[in-house]
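# Return atomic coordinates for the entry below.
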Amino acid sequence: MALSDRLLSRPAQGEKLDVPPLLVLIMASTQTLAEDAQAKPQVLFSNVHVFDGINDARIENANVLVEGNLIKQVSTDPIEAPDATIIDGGGRTMIPGLIDAHWHTYYCCMPQTALVTGDMSEVAIRGALGSEETLLCGFTTVRDVGGNPFSVKKMIDAGELVGPRILPSGPPTSQTSGHFDFRGVNDVPANMTDPKSYWERNAVILTADGVPEVVKRAREVLRLGATQIKIATGGGVSSQFDPLDVQQYTFDEIKAFVDVAETWNTYVAAHVFSDKAIQTSIKAGVKSIEHGFLSQ
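Take a look at the predicted model:
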């Protein structure tokens with residue numbers, strides 16, 4: 001019996017295999033790699049022009065071999081792949097998957113009225129349906145800068161839903177009367193013992209005031225699985241209580257968000273418009289300025 005066969009079969013009762021542990025590890029790893037290679041399906045795209053995002057000119061009349069989730073070969077010569085599924089591109093142009101750096105799995109796939117008249121089930125369904133449309137538009141990755149897309153992301157990652165890779169920020173956070181304060185007009189003054197609003201309880205949006213609460217909410221968002229933190233440090237056009245040109249959050253509050261993010265090896269993105277609010281955000285350590293339309 002060959003050594004490899006003996007390693008991969010159960011020894012007879014009383015039989016002792018005198019094999020160095022390192023060799024056992026190498027043989028087991030080799031088998032695993034071989035099985036993985038066999039398990040990856042291949043797709044061969046023929047008769048396509050390729051824009052690779054690096055060169056100005058397209059690669060004309062090309063063939064592209066995809067193995068699993070990776071592009072294995074791009075060539076103007078024929079590619080031998082007898083087991084591949086062949087797709088004739090019909091002279092169309094292939095491009096790399098697009099990345100949307102400012103996307104909302106929920107907000108962008110539903111009318112604003114859903115935040116007033118809808119519930120979490122409606123919002124989640126709209127986000128799930130919209131994810132397939134997002135992918136078919138060419139976006140293979142999205143940075144979701146606000147919402148609760150964690151279940152949609154989980155099902156996409158598991159192959160149960162069709163959609164792009166999602167880098168979620170989780171519920172975006174603002175101060176009271178800030179861009180993400182969607183409570184009713186008469187819901188203030190609020191007591192510390194009052195329950196959070198419906199959308200806050202469902203991690204679609206959040207409000208937090210003062211450094212201690214900011215720290216707590218930031219850590220809760222990271223606990224949900226956020227890959228970065230999204231806050232509002234300026235006003236907005238879709239929120240009811242804050243003028244567009246105001247600065248939201250103090251320097252210390254913004255820095256508290258940043259400090260928590262850095263302990264998690266990530267960063268803070270800020271919804272902000274005016275120069276003053278942008279400068280305060282940057283000085284506090286915010287890495288990504290979202291919108292900034294009123295900057296000079």
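# going forward, measure contacts between C-alpha atoms and count neighbours the same way
Fine.
# Could you list the low-confidence segments of this structure?
1-39 (pLDDT under 70).
# shouldn't residue 72 be in contact with residue 81?
No. Using Cα atoms under 8 Å, residue 72 is not in contact with residue 81; the gap is 11.1 Å.
# Do a quick rundown of the helices in the stretch 151-296 of the chain.
Using DSSP state H, counting those that start in this stretch, the helices found in the stretch 151-296 of the chain span residues 198-201, 210-224, 251-263, 275-283.
# Of these, which is nearest residue 160?
Among those, helix 210-224 comes nearest to residue 160, with 20.4 Å by Cα to Cα.
# Next one: residue 64 from residue 137, what distance?
As judged by Cα to Cα, to the nearest Å, residue 64 and residue 137 stand 20 Å apart.
# If you count surrounding residues, which of those two has more?
residue 64 (24 against 11; other Cα atoms under 10 Å).
# who's in contact with that one?
Under the criterion of Cα atoms under 8 Å, 6 or more residues apart in numbering, the neighbours of residue 64 are 44-46, 71-75.
# Setting the sequence-adjacent residues aside, check what's closest to it.
The shortest distance from residue 64 to any non-neighbouring residue, by Cα to Cα, 6 or more residues apart in numbering, is to residue 74 (4.6 Å).
# That neighbour contacts residue 61, correct?
No. Between residue 74 and residue 61 there is no contact under Cα under 8 Å: 10.5 Å.
# quick one, strands of the stretch 151-296 of the chain?
All strands of the stretch 151-296 of the chain, identified by DSSP state E, counting those that start in this stretch, fall at 165-168, 173-174, 206-207, 229-232, 268-274, 288-294.
# Distance to residue 244 added to those, as JSON lines?
JSON lines is the format used below for those (distance: least, Cα to Cα, whole Å):
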{"stretch": "strand 165-168", "distance to residue 244": "25"}
{"stretch": "strand 173-174", "distance to residue 244": "14"}
{"stretch": "strand 206-207", "distance to residue 244": "18"}
{"stretch": "strand 229-232", "distance to residue 244": "12"}
{"stretch": "strand 268-274", "distance to residue 244": "7"}
{"stretch": "strand 288-294", "distance to residue 244": "9"}
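# got CSV for those strands, with mean neighbour count too?
As requested, the strands of the stretch 151-296 of the chain are exported to CSV (neighbours: other Cα atoms under 10 Å):
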stretch, mean neighbour count
strand 165-168, 23
strand 173-174, 29
strand 206-207, 26
strand 229-232, 28
strand 268-274, 25
strand 288-294, 14
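# Relative to residue 190, which of those is closest?
Closest to residue 190 of those is strand 206-207 (Cα to Cα; 12.1 Å).
# Name every sheet partner of the closest one and say whether each one runs parallel or antiparallel.
Strand 206-207 sits in its sheet next to strand 173-174 (parallel), going by DSSP bridges.
# neighbouring contacts of the partner strand?
With contact meaning Cα under 8 Å, 6+ apart, strand 173-174 is reached by 180-181, 205-208, 230-233, 248-249.
# Residue nearest the middle of the chain, spatially speaking?
residue 167 (1.4 Å; Cα atoms, centre = their mean).
# for that one, what are its contacts?
Residue 167 touches 141-144, 226-228, counting by Cα under 8 Å, 6+ apart.
# Show only the entries of the contacts of residue 64 found in helices.
Residues of the contacts of residue 64 located in helices (DSSP state H): none.
# Pick the one among those closest to residue 218.
Set against residue 218, the nearest of these by Cα to Cα is residue 71 (37.5 Å).
# how close does residue 113 get to residue 80?
54 Å.
# again, but for residue 40
16 Å.
# ditto for residue 199
54 Å.
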